[in-house]
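Peer 1: need a 3D model of the following:
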Amino acid sequence: MVNFSILSIIPTILLSYLFGCQDLQPASSKSNAVTTGAERLNEYLPGLKGKTVGLLGNQTSVVGKDHLVDVLIENGIDVKFAFAPEHGFRGKIERGEKVSHDIDEKSGIELHSLYGKNAKADSIVASVDVMIYDLQDVGARFYTYITSLHRLMQLCADADKKLLILDRPNPNGDQVNGPVRKSDKFKSGVSYHKIAMVHGLTVGELAKMINGEKWLDNGVQCDIKVIKVENYTHSTLYEPPVIPSPSLPNYLSIRLYPSLCLFEGTDVSIGRGTDFPFQVIGYSDPRFGNFTFTPGNREGMSAHVEQQGELCYGVDLREIDPRQVKFTMKYFIDFYNRSDFKKEFITRPDFFNKLAGNSDLQEKIESGWSAEEIEKSWESDLVAYKKMRKKYLLYEDFE
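Peer 2: Numbers count the residues shown, from 1 in each chain. This next block holds a predicted model:
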């Protein structure tokens, strides 16, 4: 959001395009291993020949061990530029910091920001024939890569350009949970869509939903083509081969992220500025637990570090099996109940409500509702959301 223990999960070897082109797909696609959309080269490279191309990608945009932009250029695709989302094209930008106009050192292509406002984005998209989206999402509504997807769809629709979406598995795609975002009052970069907090969609499925529900301005439609993932269902527990951002350094942090992100509306630390972000919870008061840690400075996590330099007391979640992790309010409610400053616990209420997608959650917490009562309160909204979601699924569901 740091080394992944699962970097070798999808070993792939690109067959050279120069040797006959009979099979452009990585070796992994010939087994029962999950094969991402980006790895299914046969499905999209031929359609890009002779066209000018723009890319929205970052360090997760890989084909085996190679970056997608390098694979495209090596195969003769005319890549004109790339948009970078939050955290930048190589994933080294601080959370919420400005992504500047730059040049990718390896490929030499121009980089432009799609994080925040970019007045030039319309003309940039209009200058190419096809746009490509390839980012590893983590399945939570407040993860900004899906906001970038929406913005790119709008730009493509306005410019009458095709958008090629190279789909990737959702590492939290085995669940749908949390409150569904309410009115546009709570719409923001961290809560852009009226979907569940843990939405249970791949980006390809979400793109279909954005079109189908007419969420683009004036109900316009984006011309999308989704390159599906092979050997994936929503029951698949998928460990991404590349970390999606500096603060999500492993599979456990990705699985805990939906449950812990609400703490970012408080001054409680969830491990930013340590070697184990989104795997611990702590505050500078012994009442919060026996485990101690001190947030400091880490690459990609030196800005916006809660409790930086303070000895924090809390809980260590690193021994949990990530495969058993599901979204829960219990961590937040437990820390809230341990505090003696309940009226000041949520220190950034506006941001908290944007993360939650409503103001009801804060009211329930401050009224003393239990985690179980809170989770039960959004069941009817989830039933309606799941019914809508089912229309756009590309893969077998977990239910």
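Peer 1: tell me who's in contact with the nearest residue to Lys51 once chain neighbours are set aside.
Peer 2: Excluding its sequence neighbours, the residue lying closest to Lys51 (CB to CB, 6 or more residues apart in numbering) is Asp129, at 4.0 Å. In short, each C-beta sits where N, CA and C put it, glycine included. Each residue near Asp129 by CB atoms under 8 Å, 6 or more residues apart in numbering is listed here: 51-53, 161-162.
Peer 1: with secondary structure and neighbour count added, can I get those in TSV?
Peer 2: TSV is the format used below for the contacts of Asp129 (DSSP: H, G, I helix; E, B strand; the rest coil; neighbours: other CB atoms under 10 Å):
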residue	secondary structure	neighbour count
Lys51	coil	12
Thr52	strand	14
Val53	strand	21
Lys161	coil	19
Lys162	strand	16
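Peer 1: quick check: of the residues you listed, which lies closest to Cys312?
Peer 2: Taking CB to CB as the measure, Cys312 sits nearest to Val53 out of these, at 46.5 Å.
Peer 1: the closest one: what's it in contact with?
Peer 2: Neighbour list for Val53: 72, 77-80, 128-132 [criterion: CB under 8 Å, 6+ apart].
Peer 1: swap in 7 Å and give it another go.
Peer 2: Taking CB atoms under 7 Å, 6 or more residues apart in numbering, we find Val53 in contact with 72, 77-80, 128-130, 132.
Peer 1: what pLDDT is listed against it?
Peer 2: pLDDT recorded at Val53 is 98.
Peer 1: Asp23 now?
Peer 2: You'll see Asp23 listed with a pLDDT of 40.
Peer 1: low-confidence ranges in the stretch 251-399 of the chain?
Peer 2: Applying pLDDT under 70 to the stretch 251-399 of the chain flags the ranges 300-303.
Peer 1: in it, which spans are strands?
Peer 2: 280-283, 291-293, 312-316 (DSSP state E, counting those that start in this stretch).
Peer 1: from the contact counts, what lies against the last one?
Peer 2: The reference is to strand 312-316. If you count contacts as 3 or more CB pairs under 7 Å, 6 or more residues apart in numbering; DSSP states H and E, strand 312-316 packs onto strand 280-283, strand 291-293.
Peer 1: same thing with the second one?
Peer 2: Strand 291-293 sits against strand 280-283, strand 312-316, with contacts defined as 3+ CB pairs under 7 Å, 6+ apart.
Peer 1: what lies in contact with it?
Peer 2: 274, 280, 282, 311-316.
Peer 1: buried sites along that strand?
Peer 2: Within strand 291-293, the residues scored as buried using 16 or more other CB atoms under 10 Å are Phe293.
Peer 1: just the C-alphas of the lengthiest helix in the chain, formatted as PDB.
Peer 2: Determined from DSSP state H, the single longest helix within the chain is helix 145-159. What follows is helix 145-159 as a C-alpha-only set of coordinates in PDB (Å, rounded to 0.1, in the frame of the first residue of the first chain):
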ATOM      1  CA  TYR A 145      -7.900   1.900  -7.800                       C
ATOM      2  CA  ILE A 146     -11.600   1.400  -8.600                       C
ATOM      3  CA  THR A 147     -12.100   5.100  -8.500                       C
ATOM      4  CA  SER A 148      -9.400   5.400 -11.100                       C
ATOM      5  CA  LEU A 149     -11.300   2.700 -13.100                       C
ATOM      6  CA  HIS A 150     -14.400   4.900 -13.100                       C
ATOM      7  CA  ARG A 151     -12.500   8.000 -14.100                       C
ATOM      8  CA  LEU A 152     -10.900   6.200 -17.000                       C
ATOM      9  CA  MET A 153     -14.200   4.800 -18.200                       C
ATOM     10  CA  GLN A 154     -15.600   8.300 -18.200                       C
ATOM     11  CA  LEU A 155     -12.700   9.600 -20.200                       C
ATOM     12  CA  CYS A 156     -13.000   6.800 -22.700                       C
ATOM     13  CA  ALA A 157     -16.700   7.200 -23.100                       C
ATOM     14  CA  ASP A 158     -16.400  11.000 -23.600                       C
ATOM     15  CA  ALA A 159     -13.700  10.500 -26.200                       C
END
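Peer 1: quick one, the helix or strand following that helix and helix 145-159 angle?
Peer 2: Using DSSP states H and E, the helix or strand that follows helix 145-159 in sequence is strand 162-166. Counting by axes from the mean of the first three to the mean of the last three CA atoms, to 10 degrees, strand 162-166 lies at 160 degrees to helix 145-159.
Peer 1: which secondary structure elements does the next helix-or-strand element following strand 162-166 contact?
Peer 2: Per DSSP H and E, the first helix or strand lying C-terminal to strand 162-166 is strand 177-180. Contacts defined by 3+ CB pairs under 7 Å, 6+ apart place strand 177-180 against strand 196-198, helix 379-390.
Peer 1: any of the contacts of Val53 buried? List them.
Peer 2: Neighbour counting by 16+ other CB under 10 Å classes 72, 77, 79, 128, 130, 132 among the contacts of Val53 as buried.
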